[in-house]
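[1] From the sequence below, what's the structure:
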Amino acid sequence: MKTMSFSPTRLILASSSVYRKAMLQRLGLPFEAISPGIDESALPGEAPEALSQRLSLAKAQHVAAQHPGSVVIGSDQVATHDGQPIGKPGTHERAFAQLRDLSGKTVAFHSALAVTNGTRSAVADVVTHCVFRELTDEEIEHYLTVEKPFDTAGSAKAEGLGISLMQSMHSDDPTAIIGLPLIELSRMLRSFDLNPTLLAQPL
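    Take a look at the predicted model:
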């Protein structure tokens, strides 16, 4: 009978996001979630994709410094159209205006990922291109009433009803759009001698 392998390494997700926590739970690895509590302001002239990579690494490194010997995961996501950042709407009115503006357009979601053990770090950017359908005002209004995606950049939750607003989505990792690219994360963890396939516990 085979015995299950368990890693003595402490794994930490540097995030307070319930979405990222739920995504990481899919790998079946024991982990803790700790909020990094860092300043997430952009630097002057900083491109959105550069911001997301910098923040993902900063989150991981900040938590790793507080918990030596751990392997820490940091992640950050930004949405852009024509290189310009798309923020979280916050209100129904702003979400309506955002979706009306994005109707028929392509949005690039940059899902940056970083893993560090305090001495070595790896960073990646997994991009998902989402093409919005031509949306009617009636569709937008009803969607926002049902899902209320006001904390989501682009005003559409692809893991929910927001997928019905899309014409197509293109990415090397279908989990990236949720904010934690699990294919790339699994590759990174293996480089830190943590193989999710071998270390996963029953869900």
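
[2] CA only for contacts and neighbour counts going forward, please
    Fine.

[3] Which stretches in this structure count as helices?
    Using DSSP state H, the helices of the chain run over 18-25, 48-66, 92-102, 137-147, 182-191, 196-199.

[4] Which pLDDT value goes with the most centrally placed residue in the chain?
    Nearest residue to the geometric centre of the chain (Cα atoms, centre = their mean): residue 179, 1.5 Å. With respect to pLDDT, residue 179 has a value of 89.

[5] Distance check, it against residue 75.
    Noted for residue 179: a distance of 7 Å to residue 75, by Cα to Cα, to the nearest Å.

[6] Find the residues that touch each one of these two.
    The contact sets of residue 179 and residue 75 overlap at residue 111 (Cα atoms under 8 Å, 6 or more residues apart in numbering).

[7] if you average pLDDT over stretch 14-28, what comes out?
    Stretch 14-28 carries an average pLDDT of 94.

[8] Please list the residues outside it that contact it.
    13, 33-36, 59-60, 63, 72-75, 178-180, 182, 196-197, 199-203.

[9] and if we set it to 6 Å?
    Residues outside stretch 14-28 that contact it (Cα atoms under 6 Å, 6 or more residues apart in numbering) are 33, 34, 35, 36, 59, 60, 73, 74, 180, 200, 201, 203.

[10] number of nearby residues for residue 56?
    26 (other Cα atoms under 10 Å).

[11] Pull out the buried residues from the contacts of stretch 14-28.
    Taking 16 or more other Cα atoms under 10 Å as the criterion, what is buried in those is 33, 34, 36, 59, 60, 73, 74, 180, 200.

[12] which of the residues you listed lies closest to residue 85?
    Proximity of those to residue 85 (Cα to Cα) peaks at residue 180, which lies at 19.1 Å.

[13] Quick check: the nearest residue to the closest one once chain neighbours are set aside vs residue 56, distance?
    Excluding the flanking residues, the one nearest residue 180 by Cα to Cα, 6 or more residues apart in numbering is residue 20, at 5.8 Å. From residue 20 across to residue 56, the span is 13 Å (Cα to Cα).

[14] same deal with residue 196?
    Between residue 196 and residue 56 the distance, using Cα to Cα, works out to 21 Å.
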